[in-house]
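# below are the sequence and a predicted model for it; my questions follow.
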Amino acid sequence: MAERRSRQQHTPRGSTGPCVFCRIVAGELPAHEVLRTDALVAFLDSHPLFPGHVLLVPTVHVQTHDALPLDLALDWLDASQRLQRAVEQATGADGALLLVNNVVSQSVPHVHQHVIPRRRGDGLRFWLGPRRPYADDARAAATATAAAIRAALSPPAGRT
């Protein structure tokens, strides 16, 4: 019988609590690895939505997507694309859902990307709702919201 890991409790941003994924990376907990490099590890999710559901994690502890070091970004993107293609091919899927939760719905406080095989009609209801339309004129609200996001956006790293 396979060992079941319990879900971690919600962990706020900046937590220094214990990390299940760091323990998997260190080899302290079992996982069915599909990829390991110096920078990244990918393994089958222990609670998959569908067979072939994979998690990609950096080998260094990084809690959120915005904290992922830029020097890992190319490796992360390359591995993510390779995993997506491999998961689709290995499972005969029509496509894949790529998902990163950031704090909210992040059950383990270590940035991770889900690569989930999808088939048309597979029954997964990935529902983004309820929708929250802008209260006033949609064009004006969207423009004000877009302006606020532009104002908050930081320049790319290494540029001013």
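Sure, I can see it.
# confirm that Val115 sits in a strand.
Yes: applying DSSP: H, G, I helix; E, B strand; the rest coil, one finds Val115 inside a strand.
# pLDDT score for it?
We note a pLDDT of 96 for Val115 in this prediction.
# so how far is Ala152 from it?
30 Å (Cβ to Cβ, to the nearest Å). Placement of C-beta: from N, CA and C, glycine included.
# check contacts around Leu49.
By Cβ atoms under 8 Å, 6 or more residues apart in numbering, the contact list for Leu49 reads Ile116, Leu124.
# got phi/psi on it?
phi -70, psi -40 (degrees, to the nearest 10).
# how about Leu99?
Torsion angles, degrees, to the nearest 10, at Leu99: phi -140, psi 130.
# tell me where this structure has helices.
20-25, 70-91, 138-152 (DSSP state H).
# residue with max distance from the center of this structure?
Asp137 (34.0 Å; Cα atoms, centre = their mean).
# least confident of the helices of the chain, on average?
helix 138-152 (a mean of 76).
# and the end-to-end length of stretch 27-46?
15 Å (Cα to Cα, to the nearest Å).
# name the residues that touch it?
For stretch 27-46, contacts defined as Cβ under 8 Å, 6+ apart pick out 3-5, 20, 23-25, 52-60, 72, 75-76, 79, 82-83, 86, 114-115.
# excluding its backbone neighbours, what's nearest Asp122?
Leaving aside its sequence neighbours, Asp122 sits nearest to Phe50 (Cβ to Cβ, 6 or more residues apart in numbering; 6.8 Å).
# Ile116 is in contact with the one you found, correct?
Yes: under the criterion of Cβ atoms under 8 Å, Phe50 makes contact with Ile116 at 6.4 Å.
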